[in-house]
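# How does the following fold in three dimensions:
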Amino acid sequence: MKNIAIILAGGSGRRMGNALPKQFLKVNERMVIEHTIDAFEHAPSIDEIAVVTHPDYVEEMKQIIASNPWKKVAQVLLGGKERTDSTLSALRAYTNDDDRLLIHDGVRPLVSEQIINNVCETLEHHDAVNLAIPAVDTIIEVRDGAMVAAPKREYLRQVQTPQGFKRGVLARAFATALEDPDFVATDDCGVVFKYAPDTTIKIVDGDTTNIKITYKEDLEFVKKILDGRG
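Numbering: from 1, shown residues only. Modelled structure (predicted):
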């Protein structure tokens, strides 16, 4: 039984207007993906790391790994067209149902050691873990351009990663999901919630600094936080 970090770096998009995907952009002379892998490499609760990347960037990823002194990075896995393809690639690579998989966005480089360790500790007692922070804005539900509901903010959370799972639970949820012709997923806890409804998904507190890089301004935020950490 191992705690395995699955880092999803399979994106090929360039929505920020750069020549390279976001995970390969540099902050403080290092690529975003390097900062992300560093976080899991240095977390004592993590036994092994696998990086899922787009087929077009396999060699680049292997070169990045070879140029760093990481000891826990075990393999590079091929992603696919959708995010779910990356998770399925990890489930095929790791077949021990007792293993604990922490699935993390490769463009969340500020994840802390405390968060990683908290997720691992919670997985000792629960089959699925979601990382989340309280919603700070009022969230409304909209249909056909009109507001139809305003859920109480006290019940709402904003999801982050890593999300953690016993491998067997996640595999069974995906096996059921793939039989559904209308299956659409945006995150792995959502798959477990819908297709393994008897599974309790325990919430672990995230952190407002654990952002997913989406806009150019996010790179400046990451730089500021990294500079502050020294």
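# what's the spacing between stretch 78-87 and its chain's center?
Distance, stretch centre to chain centre, for stretch 78-87: 12 Å (C-alpha atoms, centre = their mean, to the nearest Å).
# ugh, wrong one, stretch 34-43
Taking C-alpha atoms, centre = their mean, one finds stretch 34-43 lying 13 Å from the centre of the chain it belongs to.
# Give me the buried positions along it.
Residues 34-37, 39-41, 43 are the ones in stretch 34-43 that count as buried (16 or more other C-beta atoms under 10 Å). From N, CA and C alone the C-beta is placed, and that goes for glycine too.
# One more: stretch 91-98?
Those would be 91, 94, for stretch 91-98 by 16+ other C-beta under 10 Å.
# Quick check: end-to-end length of that stretch?
The first and last residues of stretch 91-98 sit 12 Å apart, counting by C-alpha to C-alpha, to the nearest Å.
# Also stretch 59-79?
14 Å.
# elements contacting the longest strand along the chain?
Ranked by number of residues, the top strand in the chain under DSSP state E is strand 157-166. If you count contacts as 3 or more C-beta pairs under 8 Å, 6 or more residues apart in numbering; DSSP states H and E, strand 157-166 packs onto strand 100-105, helix 113-123, strand 128-134, helix 188-195.
# gap between the shortest one and the chain center?
In this view, strand 100-105 has its centroid 6 Å away from the chain centroid, taken as C-alpha atoms, centre = their mean.
# go on, stretch 189-205?
Centre-to-centre, stretch 189-205 and its host chain are 15 Å apart (C-alpha atoms, centre = their mean).
# Now that stretch: buried residues?
For stretch 189-205, the neighbour count (16+ other C-beta under 10 Å) marks 189-192, 195-196, 199, 201, 204 as buried.
# That stretch spans what distance, first to last residue?
Termini of stretch 189-205 sit 15 Å apart (C-alpha to C-alpha).
# oh, and call the first residue 20 from now on, that's how I've got it
Got it, first residue is 20 now, which makes that one stretch 208-224.
# The helix or strand containing Ala69 vs strand 119-124, what angle?
Assessed by DSSP states H and E, Ala69 sits inside strand 67-72. Per axes from the mean of the first three to the mean of the last three C-alpha atoms, to 10 degrees, the angle that strand 67-72 makes with strand 119-124 is 40 degrees.
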